[in-house]
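A.B. asks: No sequence on hand, only this structure:
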Ligand SMILES: [Zn+2]
């Protein structure tokens, strides 16, 4: 499931194809994804110019010249493919149409952007620019934004009886953090994922802010490397190899210098937590 770094990588991969360019033709091949697609979606997209391509949490927002914003959410299995020729950026032949190519945008400049989603947990919507889409309404601050800082996080954790892992996954506390990166953050912080959020010391709570940014920034950097190697990506954006220190490593020796522990998996709220019981307290 794509998390913030994967979505940011998709956004950066789409930039040369979309930002500043007009949508010459739009094909909308079914009425719904996770939710119904907007009425007359193809008409409303055709001729629109993408003024800016932004990201909020795990959503890509294409601000259009028509006064509307196109919201894109990859969901569980959504894939974004870019094909055509963009000098200096990419050169991929248009792939043969596939069954689950739900939305296809032919952009000014000969690039094609295809949204393919076999399981249809993804979403697209159009809404007036300047308003807040309902999916974005309750989101907390962006991890790289100025509103996310040590005092803010300490205040959100204070007195809370929920496990620290659950609090960091709560999109109202911080937007865009998912299961993989929360495991990595708590590992680097040396914090037991089962501890109640309110039991963290002020120093521990403060240390989480730069660790969250480090973990996400490193993953975004890995995603950027995948974009530069266009042969490897084959035009599909956002899925890249990234070495995790603890996620998915059950049974492996802990990589913390001096620690002789073993990475262990436990289930919290139905999600796997990977951690080292020897050095996370
Ligand atoms: Zn360890």
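C.D. replies: In hand now; what should we look at? Treat the numbers as computed from the prediction; the structure is a model and nothing was measured. Numbers count the residues shown, from 1 in each chain.

A.B. asks: CA only for contacts and neighbour counts going forward, please
C.D. replies: Noted.

A.B. asks: what's the burial count for residue 152?
C.D. replies: 15 (other Cα atoms under 10 Å).

A.B. asks: I'd like the numbering to begin with 824 instead of 1 from here.
C.D. replies: OK, 824 is where the count begins now, so the last one is residue 975.

A.B. asks: After the strand or helix carrying it, which helix or strand is next?
C.D. replies: For residue 975, the host element (DSSP states H and E) is helix 973-980. Where DSSP H and E defines the elements, the next helix or strand beyond helix 973-980 is helix 987-992.

A.B. asks: Work out the gap between the helix or strand following that following helix and the centre of the chain.
C.D. replies: The C-terminal neighbour of helix 987-992 among helices and strands, as given by DSSP H and E, is helix 1002-1012. On the basis of Cα atoms, centre = their mean, to the nearest Å, helix 1002-1012 sits 16 Å off its chain's mean C-alpha point.

A.B. asks: what's the burial count for residue 938?
C.D. replies: Residue 938 has 20 neighbours, counted by other Cα under 10 Å.

A.B. asks: so what's it bridging to?
C.D. replies: residue 903, residue 926 (DSSP bridges).

A.B. asks: Not counting residues beside it along the chain, what's closest to residue 971?
C.D. replies: residue 964 (5.7 Å; Cα to Cα, 6 or more residues apart in numbering).

A.B. asks: surely the one you found meets residue 1000?
C.D. replies: No. Residue 964 lies out of contact with residue 1000 (Cα atoms under 8 Å); the separation is 10.9 Å.

A.B. asks: which of those two has more neighbours?
C.D. replies: Each of residue 964 and residue 1000 has its neighbours counted (other Cα under 10 Å); residue 1000 has more, 23 against 20.

A.B. asks: Show the contacting residues for the more buried one.
C.D. replies: 826, 827, 991, 992, 994 (Cα atoms under 8 Å, 6 or more residues apart in numbering).

A.B. asks: Check what pLDDT it gets.
C.D. replies: pLDDT, residue 1000: 94.

A.B. asks: And residue 1045, by the same measure?
C.D. replies: Taking residue 1045 on its own, its pLDDT is 87.

A.B. asks: Quick one: residues contacting it.
C.D. replies: With Cα under 8 Å, 6+ apart, residue 1045 has these contacts: 1063, 1064, 1065.

A.B. asks: Quickly find the element holding the residue nearest to residue 971.
C.D. replies: Judged by DSSP H and E, residue 964 forms part of no helix or strand.

A.B. asks: so how far is the ion from it?
C.D. replies: 31 Å (Cα to the ion, to the nearest Å).

A.B. asks: Tally up the residues packed near the nearest residue to residue 929 once chain neighbours are set aside, please.
C.D. replies: Among residues not flanking residue 929 along the chain, residue 935 sits closest, at 4.6 Å (Cα to Cα, 6+ apart). If you count neighbours by other Cα under 10 Å, residue 935 ends up with 26.

A.B. asks: thinking again about what came up before, buried ones in the helix holding residue 975?
C.D. replies: 973, 976, 977, 979, 980 (16 or more other Cα atoms under 10 Å).

A.B. asks: Stretch 881-895 now?
C.D. replies: Here stretch 881-895 shows 881-888, 891-895 as buried, counting by 16+ other Cα under 10 Å.
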